[in-house]
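S.K.: based on what follows, work out the 3D shape:
(2 chains)
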2 protein chains.
Amino acid sequence: MPEMLEIEKEFLQYVKKMQAYEEALGLMYWDLRTGAPKNGVEQRSQVIGMLASEHFQMSTSEEMAAYIASLSSKYDELTGIGKLTLKDCKKQYEKNKKIPANEYEEYVVLQSNAEHVWEQAREASDFEMFKPYLEKLVAFNKKFIEYWGYSGNKYNTLLDMYEPGVTVDIIDKVFGELRDVIVPLVKKITNSDNKPKTDFLFHKFPKEKQKEFSVKILEQMGYDFNSGRIDETVHPFATGLNPGDVRVTTRYDEQDFRMAIFGTIHEGGHALYEQNISKELIGTPLCKGTSMGIHESQSLFYENILARDRAFWECNYELLKEYANGQFNQVSIDEFYRAINEAKPSLIRIESDDLTYALHIIIRYEIEKGLFNDEIKVEELPKVWNDKYEEYLGIIPSNDAEGVLQDVHWSGGSFGYFPSYALGYMYAAQLKNAMLKDLPNYDELLREGNLLPIKNWLTEHVHQYGKTKEPLEIIKKATGEGLSAKYLAKYLEEKFSKVYQLS
Amino acid sequence: MPEMLEIEKEFLQYVKKMQAYEEALGLMYWDLRTGAPKNGVEQRSQVIGMLASEHFQMSTSEEMAAYIASLSSKYDELTGIGKLTLKDCKKQYEKNKKIPANEYEEYVVLQSNAEHVWEQAREASDFEMFKPYLEKLVAFNKKFIEYWGYSGNKYNTLLDMYEPGVTVDIIDKVFGELRDVIVPLVKKITNSDNKPKTDFLFHKFPKEKQKEFSVKILEQMGYDFNSGRIDETVHPFATGLNPGDVRVTTRYDEQDFRMAIFGTIHEGGHALYEQNISKELIGTPLCKGTSMGIHESQSLFYENILARDRAFWECNYELLKEYANGQFNQVSIDEFYRAINEAKPSLIRIESDDLTYALHIIIRYEIEKGLFNDEIKVEELPKVWNDKYEEYLGIIPSNDAEGVLQDVHWSGGSFGYFPSYALGYMYAAQLKNAMLKDLPNYDELLREGNLLPIKNWLTEHVHQYGKTKEPLEIIKKATGEGLSAKYLAKYLEEKFSKVYQLS
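M.R.: Below you'll find the model as predicted:
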């Protein structure tokens, strides 16, 4: 093997320092959300600001520019990791450099103010308060798209930040197919006379017992507690500081055990991804999940596809009863299975279920695409929003708070992020389908609580690559085909026909 | 008020960034010691190394040199905080710059190897293994003393790193006085026929209950849980990330509640100091305890002087019984009070008691002073050590592991650190004496569990200043006199005469 170029070594050392900042920042965020004393928050925020700015400066420095120039000229002599790291740094550099500094500063201030105003507007359920801020945020992003350039659709440039390689053309197709399956399915279950009973779900399940059960399930999934820990938080998340330190957090509702159990499994899916990235990527920007959507595919696979499967509970229902306070003693596994798969149209995305969730996402996608292609104006949003909810879900928000103002994303300028949630769900169903070819005994594995072959399959086909492959490359290599909506469509039709006993 | 100079503003901003690194590093250390997953430790150590090196480079940069030069020339125009910050940075700069870079690198490698070898040597109880490393460590420090310069005694330069302003002349006097009181007192209690019974201390006291009681006592002391939290660790410590975030850690032994209770009170004393530093010092290097000794004065005041006082338990003994598992039901408060004040000669410093502890320190001080004044050779240490233990404590270590090899400090090159422990104890007794003039109802306050006036007195006279005053300045201002051994001597004589019913 030839020696690594001296300049590549230096570059990788430089990049490693940038990752050190990211790890320190990651720990500080985790700490703020899991129990940092409130009187220290103001100073901690300043510390975070200073270190984040140091990291940003390194990504746009003259030193970085020099590395990019000289490594690009010796591209063929670089190692594989060197090439991909260079590509990643170059993309980031250009993205950050193309926006004039004064405009970026103005934008940061706007973001911060907008989030504040959005909170008040939602409180008052008054879109008019938020409108001027949202208009500016959209205008800034339109300008950024011009700076960054675009191909095909302007909205592609925003999508690319969260799901590189996935374009409006692709999403239009798969979301369209999905919508055409889900909308009639939702109508059917709404009219079904065989709705599951759910009253037994809402009895007191002590927090400590929920935690113990969650830990058992994480262990079953293959989550390594020597490379992680579980803590409590208000808004659950998983964070990978490095593959040896990937933490999950969860929230307990003693009157609804589903929040912690399914929430922990969801975050556990994210965590398995980060724990199993190839160790040779540590210290590079490639040592993380490749996209929002692929990340979500891992969490949704475990939360919905695996943990809402009857076979999973054939193994774990008796165990759940041991931890619960008698609430399931008179409940058959079939009743339980149907209850945890209840679905119905609702107004709030984050409170919705596994069937209707994708519709909430599709609505947001269609709106964002319209905004950035000048087909929808910000002032029209409340009406457009409510019309789409009526069309797709058959219900209409009674005010802006439960309508167009419900999500924080836009107030932070995050446009292009929403589609990832539904893309992840599609990836998950498609991966499951491919997995079945290698693991035809999948149902049996669930019944035995032997989930390691499943984790190993995902590690082999997804986790290990980190950010060295783009989302669609991973899907193509793992499943033999491009992104397709049909696997999720099929999964949802089968699942909900069974749960609602549709004929 | 005149405007702050532009250059001072810039300098303080530069220094604030250095403090941001310190806070991030502090959080990473805390995390490593309180539950970071073990598989992430290796990478975390590298992250710490990179950020610490960034901080070190800032302290010795050309930018720092330029600030020092230009601010020194405008010294009279600086604000109070500017002047003191400049002084602190200059001291650090000169300390770091005077050692040639290659020698310092060699020393860092030596430290790391020496600590490793020390562990093995202690395991094997073989001083000969450690000797060549210790000889090199001493030789390096002698050379550093030449680089840094010294006045009076060479050892003063090492003392200055931990206890600025405190010299060999001062310590010789106070340690001599202390030794002359403690040595005969230890003999008396060793020969006493009135030794306290202690068997009832060692019953099972469940960890959760110990924790709940510890929290109650921290609250009584005035520890603010909105500016802190308590966690579990192997080697307890307190850490001040900023005054709004000062964390304590503790260790539980279910067969000996004293470890957690008195340990928590000790760390609580450190934490009260850091929580109550004046907020205007945040972001400067002055926002920390002024010295090891003054810090220890706060922890030892609470742990020994306050929490081993009978009046304190007149308030809290019934409460303790509520949390304990019945172990004190047949024990009178007098028996309890005597038991928690048991003292006897022992070989291991960290397992010793509040009376003999100072002798362990005095022995180490005399040895270090001898080493750096060429009066003791490293090879003579085992003999010198054992002779002093026989002379001062009347017992002789049976091997090096329980003798000269017991402490980690020397293996890390920390010479000059030990005296702070005993200085802190003297400061504590002296501060208590001054406090009594302002709070003549001190005993009453303890009996009522009304400890806030005590905390407030310490904040007024010690805490608030942070590092803006040197140790002896604080003592002089608070007590009206220089450091004196007589208050600790008197305290120990009275306390142990009472506990051992000496006539």
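S.K.: now the one helix or strand A:Ala139 maps to: how far from the chain's centre is it?
M.R.: Using DSSP states H and E, A:Ala139 maps to helix A:127-148. Computed by C-alpha atoms, centre = their mean, to the nearest Å, the chain-centroid distance of helix A:127-148 equals 24 Å.
S.K.: packing partners of that helix?
M.R.: Under the contact definition 3 or more C-beta pairs under 8 Å, 6 or more residues apart in numbering or on different chains; DSSP states H and E, helix A:127-148 sits against helix A:101-124, helix A:155-162, helix A:357-372, helix A:381-393. Every residue, glycine included, has its C-beta placed from N, CA and C.
S.K.: check what contacts it and list those residues.
M.R.: The contact list for helix A:127-148 (C-beta atoms under 8 Å, 6 or more residues apart in numbering or on different chains) reads A:94-95, A:98-99, A:103, A:107, A:110-111, A:113-114, A:117-118, A:120-122, A:154, A:157-158, A:371-372, A:378-379, A:381-382, A:400, A:404-405, A:410-411, A:413, A:415.
S.K.: for chain B, what are the nearby residues on chain A?
M.R.: Within chain A, the positions adjacent to chain B are A:16-17, A:19-21, A:23-24, A:27-28, A:31, A:35-44, A:46-47, A:50-51, A:54, A:224-229, A:241-247, A:282-283 by C-beta under 8 Å from any C-beta of the partner chain.
S.K.: quick one: which of the residues you listed sit in helices?
M.R.: Using DSSP state H, A:16-17, A:19-21, A:23-24, A:27-28, A:31, A:41-44, A:46-47, A:50-51, A:54 are the members of those that sit in helices.
S.K.: circling back to that earlier point, select only the buried ones of the contacts of helix A:127-148 in ChimeraX?
M.R.: Here is the ChimeraX command that selects the buried residues among those (16 or more other C-beta atoms under 10 Å in any protein chain shown):
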select /A:95,99,107,110,111,114,117,118,121,122,154,157,158,371,372,378,381,382,400,404,405,410,411,413,415
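S.K.: just to be sure, A:Val166 is in a helix?
M.R.: No: assigned with DSSP: H, G, I helix; E, B strand; the rest coil, A:Val166 falls outside any helix and is coil.
S.K.: could I have the strand or helix carrying A:Arg338 exported to PDB, CA atoms only?
M.R.: When elements are assigned from DSSP H and E, A:Arg338 belongs to helix A:333-339. The C-alpha trace of helix A:333-339 is given here as PDB (Å, rounded to 0.1, in the frame of the first residue of the first chain):
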ATOM      1  CA  ILE A 333     -52.500 -10.400  22.900                       C
ATOM      2  CA  ASP A 334     -54.800  -9.800  19.900                       C
ATOM      3  CA  GLU A 335     -56.600  -7.000  21.700                       C
ATOM      4  CA  PHE A 336     -53.200  -5.500  22.700                       C
ATOM      5  CA  TYR A 337     -51.800  -5.800  19.200                       C
ATOM      6  CA  ARG A 338     -54.800  -4.100  17.700                       C
ATOM      7  CA  ALA A 339     -54.800  -1.300  20.400                       C
END
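S.K.: got the buried residues for it?
M.R.: For helix A:333-339, a neighbour-count test (16+ other C-beta under 10 Å) marks A:336-339 as buried.
S.K.: got the residue ranges for the strands in chain A?
M.R.: Using DSSP state E, the strands of chain A run over A:230-232, A:238-242, A:245-250.
S.K.: neighbours of A:Glu42, just the number please.
M.R.: Number of residues near A:Glu42 (other C-beta atoms under 10 Å in any protein chain shown) recorded here: 11.
S.K.: now it: how far from B:Asn386?
M.R.: Distance, A:Glu42 to B:Asn386, by C-beta to C-beta, to the nearest Å: 54 Å.
S.K.: one step back: okay, the strands of chain A in TSV with distance to A:Ser214, mean pLDDT and mean neighbour count next?
M.R.: Putting those into TSV (distance: least, C-beta to C-beta, whole Å; pLDDT from 0 to 100; neighbours: other C-beta atoms under 10 Å in any protein chain shown) gives the following:
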stretch	distance to A:Ser214	mean pLDDT	mean neighbour count
strand A:230-232	7	97	17
strand A:238-242	13	98	25
strand A:245-250	7	98	25
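S.K.: which residues are in contact with the residue positioned nearest the centre of chain A?
M.R.: With the centre of chain A defined as its mean C-alpha position, the nearest residue by C-alpha atoms, centre = their mean is A:Glu296, 4.0 Å away. When contacts are counted by C-beta under 8 Å, 6+ apart, A:Glu296 touches A:420-421, A:423-425, A:427-428.
S.K.: repeat for A:Tyr427
M.R.: Counting by C-beta under 8 Å, 6+ apart, A:Tyr427 makes contact with A:293-294, A:296-297, A:471, A:475, A:483.
S.K.: ok so, going back, filter the ones in helices among the residues of chain A next to chain B to the buried ones?
M.R.: Buried members of those, scored by 16+ other C-beta under 10 Å, are A:17, A:19-21, A:23-24, A:27-28, A:31, A:43-44, A:46-47, A:50-51, A:54.
S.K.: dump the residue contacts of the closest residue to A:Val248 other than its chain neighbours.
M.R.: Distances taken as C-beta to C-beta, 6 or more residues apart in numbering or on different chains put A:Glu267 closest to A:Val248, at 4.1 Å, once the chain neighbours are dropped. Going by C-beta under 8 Å, 6+ apart, A:Glu267 touches A:236-238, A:248-250, A:299.
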